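> Need a 3D model of the sequence below.
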Amino acid sequence: MSKLAAEQYCMGLNAVYGIEVAALRYFNVFGSRQDPNSQYSGVIPKFLSQALDGVPLVVFGDGTQSRDFTYVDNVATATLSASEHRLDGPLICNVGCGSSHTVFALAEAVGRVAKRPVRIEYVAARPGDVLHSFADITVAREALGYDPTVGLEEGLESTLDWMLAQRRAGQCPG
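Have a look, this model is predicted:
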């Protein structure tokens, strides 16, 4: 609700004062500098950390829930594009990859990228979790020329490289 309220506030600023506004809805952003131990951390840093530690990847529910996982470079590209484009009016758009992956498929991809077999520990689904999430990026493409360039596995590889470098330097939690 707070995100929707912020969008509406921006639309009000546009309507009353003519201020150009763009509300970008980011979908499941991941990349370097995420702490896998943080309660706010997404599934990807947690899975990568668990794979590196050789412990089971914890999946809430049956693993068939799906998400549009978006590498941080794609988000930066969209954000810069929104700041540089002249808009015809207020803009609200989704920023993602425009594709969806199940949590189970993500676990498999983490195993491929980490080059090690992963085990999965299924636990009870969390109440209120969204089952399926997909970013329709049509508006971002049309208004901003946005086109995500970093896919899931390439983003996983970059994130894993960063985590490994941090671990070697003794600076990465988890």
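
> lowest-confidence helix or strand of this structure?
helix 2-17 (a mean of 91; mean pLDDT, DSSP states H and E).

> Mind listing what's buried along that helix?
Across helix 2-17, burial judged by 16 or more other Cβ atoms under 10 Å covers 7, 10, 14. Glycine gets a C-beta too; all of them are placed from N, C-alpha and C.

> Stretch 28-47 now?
Residues 28-32, 34, 36, 41, 43-47 are the ones in stretch 28-47 that count as buried (16+ other Cβ under 10 Å).

> Mind checking which of those are in helices?
43-47 (DSSP state H).

> mind putting the residues you listed in CSV, distance to Asp73 included?
Formatted as CSV, these follow (distance: Cβ to Cβ, whole Å):
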residue, distance to Asp73
Val43, 19
Ile44, 14
Pro45, 16
Lys46, 20
Phe47, 19
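
> Take those residues and lay them out in CSV including distance to Val103 and pLDDT.
As requested, these are arranged in CSV below (distance: Cβ to Cβ, whole Å; pLDDT from 0 to 100):
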residue, distance to Val103, pLDDT
Val43, 7, 93
Ile44, 10, 96
Pro45, 14, 95
Lys46, 11, 95
Phe47, 9, 96
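
> Looking at these, which is nearest Leu24?
Ile44 (19.8 Å; Cβ to Cβ).

> any low-confidence regions in the chain?
172-174 (pLDDT under 70).

> go with 90
1-4, 10, 14, 18-20, 34-42, 85-89, 128-130, 167-174 (pLDDT under 90).
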